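Undergrad: sequence and predicted structure below; questions after.
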2 protein chains.
Amino acid sequence: MLLGSVEAGGTKFVCAVGNEDYQVLHKTQFSTSDPQSTIKKTIEFFQQYPDLAALSIASFGPIELQKNNPHYGYVTKTPKLKWRDTDFLGPVKDALKVPIFFTTDVNASAYGEFVASQLYNEKIDSLVYYTIGTGVGGGAVLNGKILQGIGHPEMGHTFVKRHPDDLDFKGICPFHGDCLEGLVSGPTFDARLNIPGSEVSKEHHVWDIMAYYVAQAAIQQTMIIRPNNIVFGGGVVSEEFLVKVRKEFSALLNDYVNVPDLNKYIQMPRVKDNGSATLGNFALAYRVQEE
Amino acid sequence: MLLGSVEAGGTKFVCAVGNEDYQVLHKTQFSTSDPQSTIKKTIEFFQQYPDLAALSIASFGPIELQKNNPHYGYVTKTPKLKWRDTDFLGPVKDALKVPIFFTTDVNASAYGEFVASQLYNEKIDSLVYYTIGTGVGGGAVLNGKILQGIGHPEMGHTFVKRHPDDLDFKGICPFHGDCLEGLVSGPTFDARLNIPGSEVSKEHHVWDIMAYYVAQAAIQQTMIIRPNNIVFGGGVVSEEFLVKVRKEFSALLNDYVNVPDLNKYIQMPRVKDNGSATLGNFALAYRVQEE
């Protein structure tokens, strides 16, 4: 059986087909330009595979996920103006005529990490996935299902207690200033230090400050959802950084509730090379063709 | 059919029996003393009703809710030393021999509010219930089920951005200092102002400060769970206070995601006279006897 994956990011699209073992058979990528030509390229890639059984699209957001909403499958209030209020799912569905699962990029990554945990026989029920890159986002899987309320989560936009050495930094979120995204996304390096993140040494104190905030995101999840596992991916995250995050988390939690061994509880993605979303998409495509 | 409800609070126990329409038929209350005599009184109350079909216990915490844990049904690391590591569910189950649902006080209240929303035909899927009183706690219902990860939530112990007029207050949570509970629970009035909450005028600026923090709790839920509805109960909460909370929430959210009309989204309990947990217990008892 052939399963399809679209990772629709703000800067690039990655399209892939895989088999029932979730192995990638063919993959391509292209820049995100205007919706019409980008969606056209997406459709043309999958039209090469007339046996495609199902597809899952993991899109940048915000997107409309309520099936009873007339704009289900749309990209909605995105700052990418050309994509605002664009029907993404509709034209793909019309062209390919296969069952399609539609979700956010981080939801697909969370689901991919959950599937990987099952393949590795970790016996967990719930998992949160954060990406910390150009922006900050998060998705969760609870009892095997993607967490979904009246819309998809926007976990990067909660507020945190400010670090005493960072009180002068106003944060860069255009909506919230010093929400999590405004304090720890990749562009904050430039905003705080006037140098890009890639040039900031691993010893710089800014990593402690950012770890303090990311640890509070993990505290929020621990106190609200009580997941088995919290995964951090994205360009800002490294194992060295997570060592600092675990240390701050432990100090903030102060043994208040039981959590698993922190080296397992707070971790890098299981799936290497940013593959969590592709794996998640294949599994979601498999699921949608079964329904 | 007779259904039983135990609200096991840190200061008092409320036991009730009700019918299938969730009407209270008989109710009693007594002080929480040592576990043996308190549990004995609980059992004796229900032994008056040999037709009792099922029971639900909504307990102060922390409690063990993992059914595969040998301490399932225990009160665990509570500051009430006599109750620490006490088997609560076991002796009640042995004596009454009916199906028993065991959960936290706020989970039962959340479930009660959810049941009330269904009775009022509100068509919602998800709801968060916070109590702000002696402590701060929260529970959630998602797609009709109580949110439950590797343990019950401890929603009162997340961190928030501090209010500029409140930076000198260290907070009173013995574990976390200035977590939500440390900043907005009832005893914070005395700690901040040296006067009990009942004597603080409605015009006092402290209410704005507390509203700022409670609004951030609502932001956390909005960004992480995206519920249909957030209910605030407990002794600190009034409709006047929620007017302030909605104002702060609206400023912090800055229209980033769509939420329902704020007067409905952030609200006082539907069930009057602290009856949310009793209603929730009856409904959970009904559910457990069906299983």
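TA: That came through fine.
Undergrad: tell me the secondary structure at the residue most central in space within chain A.
TA: Compute the mean C-alpha point of chain A, and by CA atoms, centre = their mean the closest residue is A:V106, 2.1 Å away. On the three-state scheme (DSSP: H, G, I helix; E, B strand; the rest coil), A:V106 is labelled helix.
Undergrad: distance from stretch A:283-291 to the middle of the chain?
TA: Here stretch A:283-291 is found 20 Å from its chain centre; the criterion is CA atoms, centre = their mean, to the nearest Å.
Undergrad: buried residues of that stretch, list them for me.
TA: Across stretch A:283-291, burial judged by 16 or more other CB atoms under 10 Å in any protein chain shown covers A:283-289. (Glycine included, C-beta is placed from N, CA and C.)
Undergrad: quick revisit: ok, and the closest non-adjacent residue to the residue nearest to the centre of chain A?
TA: A:G139 (3.8 Å; CB to CB, 6 or more residues apart in numbering or on different chains).
Undergrad: for whichever residue of the stretch 151-291 of chain A sits closest to chain B, give me phi and psi.
TA: Closest to chain B within the stretch 151-291 of chain A is A:R226: 2.9 Å, counting by CB to the nearest CB. When quoted as degrees, to the nearest 10, the phi and psi of A:R226 stand at phi 60, psi 50.
Undergrad: pLDDT at it, what is it?
TA: The model reports A:R226 with a pLDDT of 97.
Undergrad: once you drop chain neighbours, what's closest to it?
TA: Nearest one to A:R226, counting by CB to CB, 6+ apart, is B:G149 at 2.9 Å.
Undergrad: now A:G280
TA: A:G280 sits nearest to A:G112 (CB to CB, 6+ apart), 3.0 Å away.
Undergrad: report the contact partners of the one you found.
TA: Contact partners of A:G112, counting by CB atoms under 8 Å, 6 or more residues apart in numbering or on different chains, are A:271, A:275-281, A:283.
Undergrad: and the stretch 151-291 of chain A, which residues reach chain B?
TA: A:151-162, A:175-176, A:178, A:216, A:219-221, A:223-228, A:252, A:254-260 (CB under 8 Å from any CB of the partner chain).
Undergrad: whichever of those end up buried, select them in ChimeraX.
TA: Those of those that count as buried under 16+ other CB under 10 Å are selected in ChimeraX with:
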select /A:151,152,153,154,155,156,157,158,159,160,161,162,175,176,178,216,219,220,221,223,224,225,226,227,228,252,256,257,259
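Undergrad: taking the residues of the stretch 151-291 of chain A next to chain B one by one, which sit in helices?
TA: Mapping these onto helices (DSSP state H) picks out A:216, A:219-221, A:223-224, A:252.
Undergrad: phi, psi for A:A53 please.
TA: Dihedral angles (degrees, to the nearest 10) for A:A53: phi -90, psi -30.
Undergrad: again, but for the one 10 residues further on
TA: Phi and psi for A:I63, reported as degrees, to the nearest 10, are phi -130, psi 160.
Undergrad: likewise for A:K272?
TA: Dihedral angles (degrees, to the nearest 10) for A:K272: phi -80, psi 170.
Undergrad: then A:Y286?
TA: Dihedral pair for A:Y286: phi -60, psi -40, per degrees, to the nearest 10.
Undergrad: contacting residues around it?
TA: By CB under 8 Å, 6+ apart, the residues touching A:Y286 are A:1, A:3, A:20, A:22, A:54.
Undergrad: which parts of the stretch 1-150 of chain A are strands?
TA: In the stretch 1-150 of chain A, the strands defined using DSSP state E, counting those that start in this stretch lie at A:2-8, A:12-18, A:24-31, A:52-59, A:74-75, A:86-87, A:100-104, A:126-132, A:136-142, A:145-146.
Undergrad: Throw the ones you listed into a markdown table and include mean neighbour count, mean pLDDT and distance to A:K247, thanks.
TA: Listed next are these as a markdown table, based on neighbours: other CB atoms under 10 Å in any protein chain shown; pLDDT from 0 to 100; distance: least, CB to CB, whole Å:
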| stretch | mean neighbour count | mean pLDDT | distance to A:K247 |
| --- | --- | --- | --- |
| strand A:2-8 | 25 | 98 | 32 |
| strand A:12-18 | 21 | 97 | 34 |
| strand A:24-31 | 13 | 97 | 36 |
| strand A:52-59 | 25 | 98 | 32 |
| strand A:74-75 | 22 | 96 | 38 |
| strand A:86-87 | 19 | 98 | 43 |
| strand A:100-104 | 24 | 97 | 30 |
| strand A:126-132 | 27 | 98 | 17 |
| strand A:136-142 | 28 | 97 | 20 |
| strand A:145-146 | 18 | 96 | 31 |
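Undergrad: so which of those is nearest B:P70?
TA: With CB to CB as the measure, strand A:126-132 is the member of these nearest B:P70 (21.8 Å).
Undergrad: and that closest one, how far out from the chain's middle?
TA: With CA atoms, centre = their mean as the basis, strand A:126-132 stands 7 Å off its chain's centre.
Undergrad: CA atoms only for it, dumped as PDB, please.
TA: Extracted C-alpha coordinates of strand A:126-132, given in PDB (Å, rounded to 0.1, in the frame of the first residue of the first chain):
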ATOM      1  CA  SER A 126       0.600  10.300  25.900                       C
ATOM      2  CA  LEU A 127       3.200  12.600  24.500                       C
ATOM      3  CA  VAL A 128       3.800  16.300  23.800                       C
ATOM      4  CA  TYR A 129       5.900  17.500  20.900                       C
ATOM      5  CA  TYR A 130       7.300  21.100  20.800                       C
ATOM      6  CA  THR A 131       9.200  22.600  18.000                       C
ATOM      7  CA  ILE A 132      11.500  25.500  18.800                       C
END
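Undergrad: which strands and helices lie in contact with it?
TA: Judged by 3 or more CB pairs under 8 Å, 6 or more residues apart in numbering or on different chains; DSSP states H and E, strand A:126-132 is in contact with helix A:105-119, strand A:136-142, helix A:206-224, strand A:230-233.
Undergrad: what about A:N274, is that helix, strand or coil?
TA: Per three-state DSSP, the secondary structure class of A:N274 is coil.
Undergrad: burial check on it, number of neighbours?
TA: 16 (other CB atoms under 10 Å in any protein chain shown).
Undergrad: give me the pLDDT for it.
TA: 90.
Undergrad: can you tell me the closest non-neighbouring residue to it?
TA: A:G233 is the one closest to A:N274 (CB to CB, 6+ apart), at 7.2 Å.
Undergrad: burial of the residue in the stretch 1-150 of chain A that chain B sits nearest to, as a residue count?
TA: Nearest residue of the stretch 1-150 of chain A to chain B: A:G149, at 3.0 Å (CB to the nearest CB). Residues lying near A:G149 (other CB under 10 Å) number 24.
Undergrad: A:V14 against A:H26, yeah?
TA: No. With contact defined as CB atoms under 8 Å, A:V14 and A:H26 do not form a contacting pair (11.5 Å).
Undergrad: one step back: can I have the buried ones of the contacts of A:G112 as a PyMOL selection?
TA: Per 16+ other CB under 10 Å, the buried members of the contacts of A:G112 correspond to this PyMOL selection:
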select buried, chain A and resi 271+275+276+277+278+279+280+281+283
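Undergrad: just put the contacts of A:G112 in CSV and tack on distance to A:E203 and secondary structure.
TA: Converted to CSV, the contacts of A:G112 look like this (distance: CB to CB, whole Å; DSSP: H, G, I helix; E, B strand; the rest coil):
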residue, distance to A:E203, secondary structure
A:V271, 29, coil
A:G275, 30, coil
A:S276, 29, helix
A:A277, 32, helix
A:T278, 34, helix
A:L279, 34, helix
A:G280, 35, helix
A:N281, 38, helix
A:A283, 40, helix
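Undergrad: which of the contacts of A:G112 lies closest to B:L167?
TA: A:S276 (39.7 Å).
Undergrad: from B:F241, how far out is the closest one?
TA: 42 Å (CB to CB, to the nearest Å).
Undergrad: again with A:H205
TA: Look at A:H205 and B:F241: by CB to CB, they are 39 Å apart.
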